[in-house]
Structures are given as structure tokens and as C-alpha cells.
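>>> Here is my input, please return the structure:
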Amino acid sequence: MGLMVSLRLKAGRMMLHRRLTALRRMKQDFNLDSVKKVGILWDASFENEFQHLAALNRQLAEAGKSVEVLAWIPGKSVPDRLTGLSYMKFLRKSDLNWAFFPVSEDARKFAEKKFDLLIDINPSSLFQLAALSALSPASMKVGPDMNGEPENSPYDLMIKAPKPFSVAFFLEHVMYYLSLIGNPDSRA
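Down below sits the predicted model:
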């Protein structure tokens with residue numbers, strides 16, 4: 001990583017820290033059955049694992065939950081199989097400011113929306129997705145534990161994922177553990 005990129009990231013982290021100090025988030029009891037709105041942040045660098053995200057979207061839609069996905073597109077163009085999906089918006093390099101902070105209208109709306117559940121599929125720990133996750137007022141935030149530093153994480157639930165990262169493994173475990181939380185049958 002070059003010196004300029006490192007300085008820009010440091011500035012972005014400082015901007016995020018400043019915004020987070022003013023943010024107050026109400027944590028609530030969680031029950032997967034009562035979830036209505038689900039937000040998903042997805043690093044589309046792992047585009048070959050899109051079928052697992054699509055399967056999760058179908059599963060949640062069949063359960064009566066609305067799903068919104070904000071996908072990070074590392075290249076200049078959106079892959080053909082992702083265009084035309086009504087539940088998916090995109091975040092590109094041009095949607096970031098000089099400090100890698102998301103500034104597009106879609107990113108702003110996503111960060112402000114009060115999701116019942118936010119799932120962050122960000123195995124590369126990309127700053128732009130981590131910032132949106134941290135700023136989200138979602139009632140429950142779930143993400144991967146990639147660096148073993150839960151104290152620096154914006155998540156309420158972290159899933160330890162094996163390397164190489166598998167979206168299928170991650171999403172399967174997310175849904176399993178979320179189904180246990182708030183379930184009266186699983187209480188001791």
C-alpha cells in the first residue's frame with residue numbers, strides 16, 4: 001500500500017471516528033422471526049459466490065422479509081449478471097471521496113436506513129463497507145471475524161470464517177446463529 005493510500009485511509013478512519021462519536025444506537029432484543037427489513041453489504045470481488053447471496057435473498061423473501069443489497073464493485077463496470085436486480089445497488093470507486101468514504105446517494109440512504117438486520121459480507125475488511133456498517137443504525141449487525149479483534153468491530157455478532165473465505169459457509173452460520181438468538185427453545 002502506497003504512502004498516499006495509507007494517508008487517505010487514515011483520514012477516512014478519522015472522519016468515521018468523528019461521525020461515530022455523535023452516533024447513538026439503540027440495541028434491542030433480537031428475534032429473527034420479527035425481522036422485516038434486511039440490509040446486506042457485499043464485497044462483489046467475490047462475484048463467483050453470488051449464487052449464495054441470491055439463495056439467501058430468496059429464502060428471506062419467502063419468509064416475508066424485504067432485502068436491500070449494497071455491493072462494492074471493484075472494477076469499472078457492473079458484471080452483467082448483477083444488473084437488473086431490483087434489490088441491489090452498487091458502490092464504485094467514483095462513489096468514494098478522497099478519503100475512501102462513501103458519498104453517493106445510494107450509500108447515504110443505505111447508511112441511514114433503520115434495518116432490523118444488517119449482514120456485512122466483507123472478508124477483505126474494505127474500509128468503505130466497514131464505514132457503512134459502523135454508521136448503520138441497524139438493530140442487529142452481523143459480520144465476519146477476519147482479524148480476531150472483536151473490540152474494534154461494529155458488529156453485534158461475529159462469525160469466525162475459515163480462510164479462504166466462503167460466502168456459503170458464512171451465510172449458513174449467520175442464519176443458524178441468528179435463528180438461535182431470541183428463540184425461547186434455545187434458552188438455558
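
>>> quick one: contacts of the helix or strand of the chain with the lowest mean pLDDT?
Here the helix or strand of the chain ranked lowest by mean pLDDT, DSSP states H and E is helix 3-21, holding a mean of 77. Helix 3-21 has contacts (Cβ atoms under 8 Å, 6 or more residues apart in numbering) with 1, 98, 99, 100, 101, 127, 131, 134, 135. Bear in mind the C-beta positions are built from the backbone N, C-alpha and C, glycine included.

>>> That helix: which residues count as buried?
Neighbour-count burial for helix 3-21, counted by 16 or more other Cβ atoms under 10 Å, picks out 8, 12, 13, 16.

>>> Make TSV out of those and add distance to residue 54.
Output for these, formatted as TSV (distance: Cβ to Cβ, whole Å):
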residue	distance to residue 54
8	34
12	31
13	33
16	30
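
>>> related to what we said a few turns ago, looking at the contacts of helix 3-21, which is nearest residue 142?
For the contacts of helix 3-21, the closest approach to residue 142 (Cβ to Cβ) belongs to residue 134, at 13.5 Å.

>>> Check which element follows the least confident helix or strand of the chain along the chain.
Later in the chain than helix 3-21, the nearest helix or strand by DSSP states H and E is strand 37-43.

>>> Alpha carbons of the helix or strand following that following strand, in CSV - could you do that?
Next in sequence after strand 37-43, counting helices and strands by DSSP H and E, comes helix 50-62. Taking Å, rounded to 0.1, in the frame of the first residue of the first chain, the C-alpha atoms of helix 50-62 are listed here in CSV:
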residue,chain,number,x,y,z
PHE,A,50,-23.2,-14.6,-5.9
GLN,A,51,-25.4,-17.7,-6.1
HIS,A,52,-25.2,-17.9,-2.3
LEU,A,53,-26.3,-14.3,-1.9
ALA,A,54,-29.2,-14.9,-4.3
ALA,A,55,-30.3,-18.0,-2.4
LEU,A,56,-30.3,-16.0,0.9
ASN,A,57,-32.4,-13.3,-0.8
ARG,A,58,-34.9,-15.9,-2.0
GLN,A,59,-35.0,-17.5,1.5
LEU,A,60,-35.6,-14.2,3.2
ALA,A,61,-38.2,-13.0,0.6
GLU,A,62,-40.1,-16.2,1.0
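
>>> quick one: helix 50-62 to strand 37-43, angle?
On the basis of axes from the mean of the first three to the mean of the last three Cα atoms, to 10 degrees, helix 50-62 is oriented at 180 degrees to strand 37-43.

>>> Each with direction, which strands does the helix or strand just after helix 50-62 pair with?
Remark: after helix 50-62, the chain's next helix or strand is strand 66-72, criterion DSSP H and E. Sheet pairing of strand 66-72 (DSSP bridges) gives strand 37-43 (parallel), strand 88-91 (parallel).

>>> pLDDT weak spots in this protein?
Scanning the chain for pLDDT under 70 picks out the ranges 1, 20-28, 148-152, 183-188.

>>> Deepest in the core, which of the strands paired with strand 66-72 is it.
Mean neighbour count (mean count of other Cβ atoms under 10 Å) peaks for strand 37-43 among the strands paired with strand 66-72, with a mean of 23.
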